[in-house]
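Undergrad: Turn this into a model:
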Amino acid sequence: MKYFLSNSVKISKWNLILVGTLGVLLPLLISILTSKVSIMATLLLTVLAFSLLYFLFLINEPSIGIYSLLLLGFSMTALGREIGGINYGIFVEVILVLTWIVALFRYSKADWSFLGIDLTYLLFFWMIISVFELFNPSANFVGALGEFRTAALYPLLIAPICLVVFKKVNSLDTFLKVILIFSAISALNGYKQIHYGLFPGEQRFLDEGGAITHVLWGQLRVFSFYSDAGQFGASQAQMSVIALILAFGPIKWWKRLVYFGLFLLFFYGMLISGTRGALFVIVTGAAIAIFLTKNFKVMAVGGIILALFLSFLKFTSIGNGSYNIYRLRSALDPQDASLNVRFNSQKILGDYLSNKPFGDGLGTIGYYGIKYNGGSYLSSIQPDSYWVKVWAMYGTFGLAIWLGIMCYILGKCCGIVWNIKDTGLRIRLIALTAGLGGVFFCSYGNEVINNQPSSFIVYVSWALVFLGQHFDREISIKKILN
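TA: Numbers count the residues shown, from 1 in each chain. Alright, predicted model coming up:
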């Protein structure tokens, strides 16, 4: 088995396609020629054939596991709405387990040495704390287990395996292309929702209660393929930051135009989502990017532009005729009713948690709180913030540790990028760092960093930035050899 996996890199891509195609066509041919084979049996054979094809490609290139995971992160909510039938989230674990198994056989001890860094240790430490919270007496174990997956298991399984399978700088380029393409498709679907209407599953989502938060004053808050408008808006804001920064890299003029076009598309997607918190992805991401340029003139000019942008929103009413601009502007209004409701909820929550330093446990607030702890005090409170959710589940003790870990990772990413020598690589890593930093701070106002696809993008971004110095050396060696 180990010999087969370790030598699978030699399998021709065309041989894989041939084997996979035959694996798909043969069950269909058999079903046509054999009347005794039922439709269900044919479907089962076809699914098995596609699974075989996927596994063959995964063996040949384990990074396919991460790219398919990203695709699933972008699409699983839409699959649930439009097709249903099963919980598509289970495929996250399936893909991760398969990728880890293949990688364990495929890579050498030297490759696995990339795991021995502080990022892995910190994520493992957080998982240990989360394991203890599974047994918090206030929590339902099934609900806690569901929350454990997104709070601790996914980051530990995703970021470290990326350190192993993404060791070439072209992996960074492929990752950026994948997330930009998927996000562009999502933005176009958002445009469709506004101008051409909704898919049946999307309409059903609104009819079954989603309209309460997604149709305000007769205006649709676009959510595209995502779980809600908040997640869509924050993700589009993250992608707009990434695209804009990439546009300033040392690239050909037509690529610069493409990145500027994507920036405008993603910024439009953010606006039509009606997600006010997404503004802070832009502001925070821009501030991080400006700082990491290490160029005083860029810092000065960028700081002035950022200040003018915020002043435009804060001190003028230009554009208020557009609902999307008006709603974005309200993010800077301290008298906003929604904002004050959140502050009041946090005050009430603070009183409740004052004698609970370790919180009420995983899955006691938010979706799992309502589903598995209905009737409890925390289940009646909407966290409206992942920071607040961590506070409620882990207590002040856990929140302090989580914030410490997140700030350390962000600070370490900035430090790594600061010391990158190759200009093109530094621009790409600045884009990822600005994006993940923006998502982290935006999560104070929305649950973003724990939901797909933003969470998957952030975890992979951590790994790629932490590999930055390795990529820098690879580029330097190529330059010397050429």
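Undergrad: low-confidence ranges in the stretch 301-450 of the chain?
TA: Residue ranges of the stretch 301-450 of the chain with pLDDT under 70: 302, 310, 312-315, 319-341.
Undergrad: Helices of that one, start to end?
TA: For the stretch 301-450 of the chain, helices defined by DSSP state H, counting those that start in this stretch occupy the ranges 323-329, 337-353, 367-372, 386-418, 423-442.
Undergrad: Can you name every helix or strand that the longest one contacts?
TA: The reference is to helix 386-418. Helix 386-418 sits against helix 118-133, helix 279-292, helix 337-353, helix 423-442, helix 454-466, helix 468-481, with contacts defined as 3 or more Cβ pairs under 8 Å, 6 or more residues apart in numbering; DSSP states H and E. (Glycine included, C-beta is placed from N, CA and C.)
Undergrad: Quick one: work out the angle between that helix and helix 423-442.
TA: Put simply, helix 386-418 runs at 160 degrees to helix 423-442, going by axes from the mean of the first three to the mean of the last three Cα atoms, to 10 degrees.
Undergrad: Could you pull up the contacting residues of the closest residue to Asp118 other than its chain neighbours?
TA: Nearest residue to Asp118, sequence neighbours excluded (Cβ to Cβ, 6 or more residues apart in numbering): Lys412, at 7.0 Å. Lys412 makes contact with Asp118, Leu119, Phe466, according to Cβ atoms under 8 Å, 6 or more residues apart in numbering.
Undergrad: The second one contacts Leu464, doesn't it?
TA: In this case it means Leu119. No. At 11.2 Å, Leu119 and Leu464 do not qualify as touching, with contact defined as Cβ atoms under 8 Å.
Undergrad: Need the residues that contact the helix or strand where Phe263 lies.
TA: Remark: Phe263 resides in helix 253-273, with elements defined by DSSP states H and E. Applying Cβ under 8 Å, 6+ apart, the external contacts of helix 253-273 come out as 180, 183-184, 186-188, 190-191, 194, 221-224, 229-230, 232-233, 236-237, 239-240, 243-244, 246-247, 251, 278, 282, 324-325, 328.
Undergrad: hmm, try it at 7 Å
TA: Among residues not part of helix 253-273, those counted as contacts by Cβ atoms under 7 Å, 6 or more residues apart in numbering are 180, 183-184, 187, 190, 194, 221-222, 229, 232-233, 236-237, 239-240, 243-244, 246-247, 278, 324, 328.
Undergrad: Name the SS class of Pro250, please.
TA: Under the three-state scheme (DSSP: H, G, I helix; E, B strand; the rest coil), Pro250 adopts coil.
Undergrad: which residues touch it?
TA: Pro250 touches Thr423, Gly424, counting by Cβ under 7 Å, 6+ apart.
Undergrad: Quickly note the distance from it to Asn295.
TA: Distance from Pro250 to Asn295, counting by Cβ to Cβ, to the nearest Å: 14 Å.
Undergrad: Likewise for Leu262?
TA: Per Cβ to Cβ, Leu262 is found 24 Å from Asn295.
Undergrad: can you check Asn170 too?
TA: From Asn170 to Asn295 the distance is 27 Å (Cβ to Cβ).
Undergrad: so which helix or strand takes in Leu176?
TA: Per DSSP H and E: Leu176 is located in helix 169-195.
Undergrad: For Thr293, grab the count of nearby residues.
TA: Each residue near Thr293 was counted by other Cβ atoms under 10 Å, and the total is 16.
Undergrad: Tell me how far it lies from Gln231.
TA: With distances taken as Cβ to Cβ, Thr293 is found 29 Å from Gln231.
Undergrad: Determine which stretch of the helices of the stretch 301-450 of the chain is the most buried.
TA: helix 423-442 (a mean of 25; mean count of other Cβ atoms under 10 Å).
Undergrad: to the chain's geometric centre, what's the distance from that one?
TA: How far helix 423-442 lies from its chain's middle: 13 Å, per Cα atoms, centre = their mean, to the nearest Å.
Undergrad: I'd like to know which elements that helix is packed against.
TA: Contact analysis of helix 423-442 by 3 or more Cβ pairs under 7 Å, 6 or more residues apart in numbering; DSSP states H and E lists helix 169-195, helix 229-247, helix 279-292, helix 386-418, helix 454-466, helix 468-481 as its packing neighbours.
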